[in-house]
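**Student:** Okay, predicted coordinates and the sequence, questions at the end:
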Amino acid sequence: MERAGISIFVEVRTVNNRYLKIGLRSSEPLGAMELPIEEEIRRFISRGSVQVTIRMTAEKSTDSYRVNTALLSAYRKQWVDWMQSEGLPLPTEWQTSSWLTLPGVIVETPSEEDTSDQWLHLQDTLRQALEKLVAMRKQEGEAMVADLRVHLAEIASHLRNVESQAPRTVQMFTERLVEKLNRLYQQEGVQVSPSDLIREMGIFADRCDISEEISRLKSHLSQFETILSREDTPGKKLDFLTQELFREANTIGSKANDVLISQEVIGMKASIERIREQVQNIE
């Protein structure tokens, strides 16, 4: 954008990050404008690594420069002293143009009005760039939400299979236990009382009971959908819920002690991992 003799270019890029991290790059020192630039960015973006590149070029007037006469005099005095110490004749004419090229002789002195004007134009350009970025991220977010809902449906499907399989786990354990005891009785003559059998079944049933984990996992899935539908900036909450989804699925896999349930848990974990990757992109 070019306005009032000031040409400004602003580029804003974002990548995944759990927190807001702002990086500024500029063709010249931004000075006092750095803080308001960051404040402007925070108005539009609350999460992600944001890299902002700024290039500003302003037309200079004669009032923007001055001659550092004290430094120029110091240069001249040192040169005269050296010529005299070497016994060399001083020139009758001074080449002024060559003296003006010495470091620090010409000093740029931007006025407060120049800085104020630059910030107004930069703020306008930055705001337009951020508005375009937010619009683009919104479109990407809508596609992302649709993808997340697909993964949530996959998890719910695996969970229904786990829930239907869970009651059979105790039954299968009982059948295997009875079969093993019968074999021991035939081979070794070992007898087990009904009370011992019932106690073992009770211990196993309690240890592999996954009803609470199933209930919590259902609740987390419902909360996930609610947050997706109602929250404007759901990223951090969804990140936390994703961790809870993984925790419950992992507990189900370790407690169930069943091959079919383990296979369903593997499917759930795969979907949760895809959700975890996507959630990092959500503000």
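**Tutor:** Thanks, I have it. Numbers count the residues shown, from 1 in each chain.
**Student:** Can you verify Gly23 is assigned to a strand?
**Tutor:** Yes. Remark: Gly23 belongs to a strand, assigned using DSSP: H, G, I helix; E, B strand; the rest coil.
**Student:** Just give me the neighbour total for it.
**Tutor:** Residues within reach of Gly23, counting by other Cβ atoms under 10 Å, total 10. The C-beta positions use only the backbone N, C-alpha and C, and glycine is treated the same way.
**Student:** Does it touch Thr53 like I think?
**Tutor:** No. Under the criterion of Cβ atoms under 8 Å, Gly23 makes no contact with Thr53, lying 9.2 Å away.
**Student:** residue ranges with poor pLDDT in the stretch 1-150 of the chain?
**Tutor:** Applying pLDDT under 70 to the stretch 1-150 of the chain flags the ranges 1-5, 58-64, 92-97, 108-116.
**Student:** now the strands: where do they sit in it?
**Tutor:** All strands of the stretch 1-150 of the chain, identified by DSSP state E, counting those that start in this stretch, fall at 2-3, 6-15, 20-26, 48-58, 65-67, 106-108.
**Student:** In CSV, list these along with distance to Ser157.
**Tutor:** Supplementary listing: the strands of the stretch 1-150 of the chain in CSV, determined by distance: least, Cβ to Cβ, whole Å:
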stretch, distance to Ser157
strand 2-3, 56
strand 6-15, 32
strand 20-26, 36
strand 48-58, 32
strand 65-67, 72
strand 106-108, 67
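**Student:** Point out the most buried one among those strands.
**Tutor:** Counting by mean count of other Cβ atoms under 10 Å, strand 48-58 has the highest mean neighbour count of the strands of the stretch 1-150 of the chain, with a mean of 17.
**Student:** Run through the helices of the stretch 151-283 of the chain in chain order.
**Tutor:** Secondary structure of the stretch 151-283 of the chain by DSSP state H, counting those that start in this stretch: the helices cover 194-207, 211-230, 235-256, 259-279.
**Student:** what's near enough to touch the closest residue to Gln123 other than its chain neighbours?
**Tutor:** Counting by Cβ to Cβ, 6 or more residues apart in numbering, the nearest residue to Gln123 once its immediate chain neighbours are dropped is Glu40, at 6.3 Å. Counting by Cβ atoms under 8 Å, 6 or more residues apart in numbering, Glu40 touches Gln123, Leu126, Arg127, Leu130.
**Student:** Mind checking which of those residues are in helices?
**Tutor:** The members of the contacts of Glu40 that map onto helices under DSSP state H are Gln123, Leu126, Arg127, Leu130.
**Student:** can you put the residues you listed in CSV and add distance to Asp258 and neighbour count?
**Tutor:** CSV is the format used below for the ones in helices among the contacts of Glu40 (distance: Cβ to Cβ, whole Å; neighbours: other Cβ atoms under 10 Å):
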residue, distance to Asp258, neighbour count
Gln123, 62, 15
Leu126, 57, 23
Arg127, 57, 15
Leu130, 52, 19
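**Student:** Rebuild those as JSON lines, extending it with distance to Leu238.
**Tutor:** Compiled in JSON lines, the ones in helices among the contacts of Glu40 are given as follows (distance: Cβ to Cβ, whole Å):
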{"residue": "Gln123", "distance to Leu238": "32"}
{"residue": "Leu126", "distance to Leu238": "29"}
{"residue": "Arg127", "distance to Leu238": "28"}
{"residue": "Leu130", "distance to Leu238": "23"}
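**Student:** And the strands of the stretch 1-150 of the chain: which comes nearest Glu248?
**Tutor:** Nearest of these to Glu248, taken as Cβ to Cβ: strand 48-58 at 28.1 Å.
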